[in-house]
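In: Okay, structure incoming, though there's no sequence with it:
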(Lines give C-alpha, C1' and ligand atoms only; values in the text may rest on other atoms or scores of the structure.)
Protein backbone atom coordinates (compact mmCIF):
# COMPACT_ATOMS: atom_id res chain seq x y z
CA UNK A 1 0.00 0.00 0.00
CA UNK A 2 1.43 3.39 -0.96
CA UNK A 3 1.60 6.41 1.30
CA UNK A 4 -1.18 8.22 -0.53
CA UNK A 5 -3.63 5.44 0.26
CA UNK A 6 -2.60 5.47 3.91
CA UNK A 7 -3.00 9.24 3.98
CA UNK A 8 -6.55 8.84 2.72
CA UNK A 9 -7.40 6.15 5.26
CA UNK A 10 -6.09 8.32 8.09
CA UNK A 11 -7.90 11.44 6.84
CA UNK A 12 -11.18 9.55 6.56
CA UNK A 13 -10.74 8.08 10.04
CA UNK A 14 -9.99 11.53 11.45
CA UNK A 15 -13.05 13.02 9.75
CA UNK A 16 -15.26 10.30 11.24
CA UNK A 17 -13.69 10.64 14.67
CA UNK A 18 -12.77 6.94 14.75
CA UNK A 19 -11.69 5.61 18.14
CA UNK A 20 -10.04 2.48 16.69
CA UNK A 21 -7.65 2.65 13.72
CA UNK A 22 -5.94 -0.43 12.30
CA UNK A 23 -2.99 0.16 9.98
CA UNK A 24 -1.36 -3.22 10.51
CA UNK A 25 -0.07 -5.52 7.73
CA UNK A 26 0.22 -2.71 5.18
CA UNK A 27 3.89 -3.05 4.28
CA UNK A 28 4.58 0.47 5.56
CA UNK A 29 8.19 1.65 5.80
CA UNK A 30 7.30 5.21 6.84
CA UNK A 31 4.20 6.69 8.38
CA UNK A 32 2.29 9.73 7.18
CA UNK A 33 2.26 12.85 9.34
CA UNK A 34 -1.51 12.87 8.94
CA UNK A 35 -1.64 10.39 11.80
CA UNK A 36 -1.38 13.34 14.17
CA UNK A 37 -4.93 14.33 13.16
CA UNK A 38 -6.49 11.27 14.81
CA UNK A 39 -7.59 13.29 17.82
CA UNK A 40 -10.24 10.79 18.93
CA UNK A 41 -8.31 7.57 18.44
CA UNK A 42 -7.94 5.37 21.52
CA UNK A 43 -6.54 2.21 19.94
CA UNK A 44 -3.94 2.43 17.17
CA UNK A 45 -2.43 -0.67 15.55
CA UNK A 46 0.70 -0.29 13.44
CA UNK A 47 1.98 -3.82 13.89
CA UNK A 48 3.39 -6.10 11.18
CA UNK A 49 4.75 -3.40 8.94
CA UNK A 50 8.35 -2.48 8.07
CA UNK A 51 8.64 0.74 10.04
CA UNK A 52 12.18 1.81 10.86
CA UNK A 53 11.11 4.88 12.84
CA UNK A 54 7.94 5.49 14.84
CA UNK A 55 6.10 8.65 13.76
CA UNK A 56 6.69 11.48 16.21
CA UNK A 57 3.08 12.56 15.61
CA UNK A 58 1.99 9.74 17.94
CA UNK A 59 2.68 12.13 20.79
CA UNK A 60 -0.02 14.45 19.40
CA UNK A 61 -2.86 11.99 20.04
CA UNK A 62 -4.57 13.24 23.20
CA UNK A 63 -6.82 10.21 23.83
CA UNK A 64 -4.54 7.33 22.84
CA UNK A 65 -4.84 4.42 25.29
CA UNK A 66 -3.49 1.44 23.34
CA UNK A 67 -0.54 1.45 20.95
CA UNK A 68 0.62 -1.70 19.14
CA UNK A 69 3.93 -1.55 17.24
CA UNK A 70 4.82 -5.26 17.18
CA UNK A 71 6.79 -6.82 14.33
CA UNK A 72 8.39 -3.81 12.73
CA UNK A 73 12.07 -2.86 12.44
CA UNK A 74 12.15 -0.19 15.13
CA UNK A 75 15.44 0.57 16.86
CA UNK A 76 13.91 3.10 19.24
CA UNK A 77 10.58 4.09 20.70
CA UNK A 78 8.85 7.21 19.38
CA UNK A 79 10.62 10.39 20.39
CA UNK A 80 8.64 12.01 23.18
CA UNK A 81 6.70 8.84 24.00
CA UNK A 82 6.70 9.87 27.64
CA UNK A 83 4.30 12.63 26.67
CA UNK A 84 1.48 10.20 25.80
CA UNK A 85 0.06 10.53 29.28
CA UNK A 86 -3.18 8.66 28.44
CA UNK A 87 -1.44 5.43 27.40
CA UNK A 88 -2.61 2.28 29.22
CA UNK A 89 -1.25 -0.45 26.94
CA UNK A 90 1.99 -0.50 24.93
CA UNK A 91 3.27 -3.42 22.89
CA UNK A 92 6.53 -3.19 20.93
CA UNK A 93 7.34 -6.90 20.61
CA UNK A 94 9.76 -8.24 18.00
CA UNK A 95 11.62 -5.02 17.30
CA UNK A 96 15.42 -4.61 17.67
CA UNK A 97 15.20 -1.80 20.22
CA UNK A 98 18.33 -2.69 22.18
CA UNK A 99 17.54 -0.15 24.92
CA UNK A 100 14.53 1.52 26.51
CA UNK A 101 14.63 5.30 26.89
CA UNK A 102 14.45 6.78 30.37
CA UNK A 103 11.26 8.61 29.40
CA UNK A 104 9.40 5.29 29.50
CA UNK A 105 9.00 6.10 33.18
CA UNK A 106 6.77 9.07 32.32
CA UNK A 107 3.96 6.74 31.20
CA UNK A 108 2.51 6.87 34.68
CA UNK A 109 -0.89 5.40 33.72
CA UNK A 110 0.53 2.41 31.83
CA UNK A 111 -1.01 -0.90 32.91
CA UNK A 112 0.40 -3.35 30.37
CA UNK A 113 3.85 -3.31 28.76
CA UNK A 114 4.88 -5.98 26.24
CA UNK A 115 8.56 -6.07 25.26
CA UNK A 116 9.04 -9.59 23.89
CA UNK A 117 12.15 -10.12 21.76
CA UNK A 118 13.49 -6.55 21.78
CA UNK A 119 17.20 -7.35 22.26
CA UNK A 120 17.21 -5.62 25.66
CA UNK A 121 20.29 -6.09 27.84
CA UNK A 122 19.14 -3.91 30.74
CA UNK A 123 16.21 -1.84 31.95
CA UNK A 124 16.43 1.83 32.89
CA UNK A 125 15.91 2.76 36.54
CA UNK A 126 12.91 4.80 35.41
CA UNK A 127 10.77 1.66 34.99
CA UNK A 128 10.28 2.01 38.72
CA UNK A 129 7.98 4.96 38.02
CA UNK A 130 5.45 2.68 36.26
CA UNK A 131 3.60 2.13 39.50
CA UNK A 132 0.25 1.38 37.82
CA UNK A 133 1.70 -1.49 35.80
CA UNK A 134 -0.22 -4.77 36.11
CA UNK A 135 1.37 -6.91 33.39
CA UNK A 136 4.92 -6.86 32.09
CA UNK A 137 6.48 -9.23 29.58
CA UNK A 138 10.23 -9.21 28.96
CA UNK A 139 10.40 -12.62 27.31
CA UNK A 140 13.28 -13.46 25.01
CA UNK A 141 15.74 -10.66 25.72
CA UNK A 142 19.29 -10.62 27.13
CA UNK A 143 18.56 -9.50 30.68
CA UNK A 144 20.56 -10.81 33.64
CA UNK A 145 19.40 -8.37 36.35
CA UNK A 146 16.60 -6.00 37.28
CA UNK A 147 17.18 -2.43 38.44
CA UNK A 148 16.69 -1.88 42.16
CA UNK A 149 13.79 0.46 41.36
CA UNK A 150 11.84 -2.54 40.07
CA UNK A 151 10.55 -3.14 43.59
CA UNK A 152 8.39 -0.02 43.20
CA UNK A 153 6.03 -1.87 40.82
CA UNK A 154 3.72 -2.68 43.70
CA UNK A 155 0.60 -3.20 41.57
CA UNK A 156 2.07 -5.77 39.21
CA UNK A 157 0.21 -9.09 39.10
CA UNK A 158 1.77 -10.82 36.06
CA UNK A 159 5.46 -10.90 35.17
CA UNK A 160 7.31 -12.83 32.47
CA UNK A 161 11.12 -12.97 32.51
CA UNK A 162 11.38 -16.15 30.42
CA UNK A 163 14.19 -16.73 27.91
CA UNK A 164 16.71 -14.34 29.40
CA UNK A 165 20.08 -14.79 31.13
CA UNK A 166 19.05 -14.67 34.79
CA UNK A 167 21.01 -16.79 37.25
CA UNK A 168 19.42 -15.28 40.35
CA UNK A 169 17.00 -12.59 41.48
CA UNK A 170 18.88 -10.63 44.11
CA UNK A 171 16.26 -7.96 44.80
CA UNK A 172 14.01 -8.10 47.84
CA UNK A 173 10.69 -8.66 46.06
CA UNK A 174 8.30 -8.69 49.02
CA UNK A 175 6.98 -5.26 47.98
CA UNK A 176 5.43 -6.95 44.92
CA UNK A 177 2.59 -8.04 47.15
CA UNK A 178 0.05 -8.51 44.31
CA UNK A 179 2.21 -10.64 42.01
CA UNK A 180 0.40 -13.93 41.36
CA UNK A 181 2.14 -15.17 38.19
CA UNK A 182 5.91 -15.35 37.61
CA UNK A 183 7.47 -16.92 34.53
CA UNK A 184 11.19 -17.71 34.87
CA UNK A 185 11.28 -20.40 32.18
CA UNK A 186 14.45 -20.95 30.16
CA UNK A 187 16.99 -18.99 32.16
CA UNK A 188 20.06 -20.24 34.06
CA UNK A 189 18.72 -20.78 37.59
CA UNK A 190 20.31 -23.62 39.54
CA UNK A 191 17.90 -23.19 42.46
CA UNK A 192 14.67 -21.43 43.33
CA UNK A 193 15.58 -17.78 43.98
CA UNK A 194 15.19 -16.93 47.65
CA UNK A 195 13.43 -13.67 46.81
CA UNK A 196 10.58 -15.63 45.22
CA UNK A 197 9.75 -17.10 48.62
CA UNK A 198 8.84 -13.61 49.83
CA UNK A 199 6.04 -13.06 47.28
CA UNK A 200 2.89 -13.35 49.42
CA UNK A 201 0.32 -13.64 46.59
CA UNK A 202 2.27 -15.88 44.20
CA UNK A 203 0.24 -18.85 42.96
CA UNK A 204 1.95 -19.77 39.65
CA UNK A 205 5.73 -20.17 39.39
CA UNK A 206 7.22 -21.39 36.12
CA UNK A 207 10.86 -22.48 36.06
CA UNK A 208 10.89 -24.87 33.12
CA UNK A 209 14.15 -25.32 31.22
CA UNK A 210 16.60 -24.15 33.87
CA UNK A 211 19.37 -26.05 35.71
CA UNK A 212 17.62 -26.80 39.00
CA UNK A 213 18.79 -30.11 40.47
CA UNK A 214 17.26 -29.93 43.95
CA UNK A 215 14.47 -28.15 45.82
CA UNK A 216 14.88 -28.43 49.62
CA UNK A 217 11.82 -29.35 51.64
CA UNK A 218 11.80 -26.02 53.46
CA UNK A 219 11.48 -24.27 50.08
CA UNK A 220 8.55 -26.52 49.18
CA UNK A 221 6.90 -25.54 52.46
CA UNK A 222 7.46 -21.84 51.75
CA UNK A 223 5.81 -22.34 48.34
CA UNK A 224 2.84 -24.32 49.65
CA UNK A 225 0.44 -21.62 48.44
CA UNK A 226 1.27 -22.36 44.79
CA UNK A 227 -1.29 -23.95 42.50
CA UNK A 228 1.32 -24.62 39.79
CA UNK A 229 5.09 -25.05 40.09
CA UNK A 230 6.60 -26.06 36.77
CA UNK A 231 10.07 -27.62 37.05
CA UNK A 232 10.04 -29.63 33.84
CA UNK A 233 13.20 -29.81 31.76
CA UNK A 234 15.52 -29.32 34.74
CA UNK A 235 18.13 -31.57 36.35
CA UNK A 236 15.55 -32.81 38.84
CA UNK A 237 13.28 -35.22 36.99
CA UNK A 238 11.78 -37.61 39.57
CA UNK A 239 9.60 -36.62 42.52
CA UNK A 240 10.88 -37.74 45.91
CA UNK A 241 8.50 -40.14 47.61
CA UNK A 242 7.29 -37.50 50.07
CA UNK A 243 6.25 -35.24 47.13
CA UNK A 244 3.90 -37.81 45.66
CA UNK A 245 0.75 -35.97 46.71
CA UNK A 246 1.97 -32.60 45.49
CA UNK A 247 0.29 -32.67 42.08
CA UNK A 248 0.90 -28.97 41.45
CA UNK A 249 4.63 -29.66 41.05
CA UNK A 250 5.46 -30.65 37.47
CA UNK A 251 8.65 -32.60 36.75
CA UNK A 252 10.03 -34.53 33.81
CA UNK A 253 10.22 -33.53 30.17
CA UNK A 254 7.71 -31.22 28.57
CA UNK A 255 6.26 -31.73 25.11
CA UNK A 256 6.51 -28.78 22.68
CA UNK A 257 3.49 -26.51 22.99
CA UNK A 258 2.24 -24.30 20.21
CA UNK A 259 1.23 -20.98 21.73
CA UNK A 260 -2.29 -19.75 20.98
CA UNK A 261 -2.97 -16.54 19.13
CA UNK A 262 -2.75 -13.48 21.39
CA UNK A 263 -6.06 -12.31 22.76
CA UNK A 264 -7.27 -8.82 21.85
CA UNK A 265 -6.62 -6.06 24.33
CA UNK A 266 -9.73 -5.38 26.38
CA UNK A 267 -9.80 -1.93 27.88
CA UNK A 268 -12.47 -2.53 30.50
CA UNK A 269 -11.29 -1.44 33.91
CA UNK A 270 -12.34 -4.77 35.44
CA UNK A 271 -10.04 -6.83 33.23
CA UNK A 272 -7.12 -4.47 33.55
CA UNK A 273 -7.36 -3.69 37.22
CA UNK A 274 -8.35 -6.96 38.82
CA UNK A 275 -6.48 -9.37 36.56
CA UNK A 276 -9.15 -12.03 37.14
CA UNK A 277 -8.06 -14.09 34.11
CA UNK A 278 -6.67 -17.56 34.67
CA UNK A 279 -3.38 -17.87 32.84
CA UNK A 280 -1.71 -21.02 31.64
CA UNK A 281 2.06 -21.04 31.28
CA UNK A 282 2.02 -19.47 27.81
CA UNK A 283 -1.16 -17.34 27.91
CA UNK A 284 -1.44 -14.49 27.23
CA UNK A 285 2.32 -14.52 26.73
CA UNK A 286 1.74 -15.56 23.14
CA UNK A 287 3.50 -12.72 21.43
CA UNK A 288 6.30 -15.26 21.14
CA UNK A 289 6.28 -19.02 21.13
CA UNK A 290 8.34 -21.30 23.32
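Out: Structure's in. What do you need? All of these numbers come straight from a predicted model, not from anything done at the bench.
In: Give me the number of neighbouring residues for residue 179.
Out: Using other Cβ atoms under 10 Å, residue 179 is surrounded by 23 other residues. No exception for glycine: its C-beta is placed from N, CA and C like everyone else's.
In: so it touches residue 157, yeah?
Out: Yes. With contact defined as Cβ atoms under 8 Å, residue 179 reaches residue 157; the gap is 6.1 Å.
In: Touching both of those two, which residues are there?
Out: Jointly contacting residue 179 and residue 157 under the rule Cβ atoms under 8 Å, 6 or more residues apart in numbering are residue 201.
In: Let's verify residue 6: helix, strand, or coil?
Out: Under DSSP: H, G, I helix; E, B strand; the rest coil, residue 6 falls in the helix class.
In: ok, it to residue 12 distance?
Out: Counting by Cβ to Cβ, to the nearest Å, the gap from residue 6 to residue 12 is 11 Å.
In: Which positions within stretch 53-71 qualify as buried?
Out: By neighbour count with 16 or more other Cβ atoms under 10 Å, stretch 53-71 contains the buried residues 54-55, 57-61, 64-71.
In: What of stretch 168-178?
Out: The neighbour-count check on stretch 168-178 (16+ other Cβ under 10 Å) flags 169, 171, 173, 176, 178 as buried.
In: what does it contact?
Out: 145-146, 148, 150-157, 159, 179, 189, 193, 195-196, 198-201.
In: Do a quick rundown of the strands in this structure.
Out: Assigned by DSSP state E, the chain shows strands spanning 20-22, 43-45, 66-68, 89-91, 112-114, 135-137, 158-160, 181-183, 204-206, 228-230, 249-250.
In: Show me what the first one is packed against.
Out: Taking 3 or more Cβ pairs under 8 Å, 6 or more residues apart in numbering; DSSP states H and E as contact, the helices and strands that strand 20-22 lies on are strand 43-45.
In: Determine how far the strand it packs on lies from the middle of the whole chain.
Out: The chain centroid and the centroid of strand 43-45 are separated by 18 Å, computed with Cα atoms, centre = their mean, to the nearest Å.
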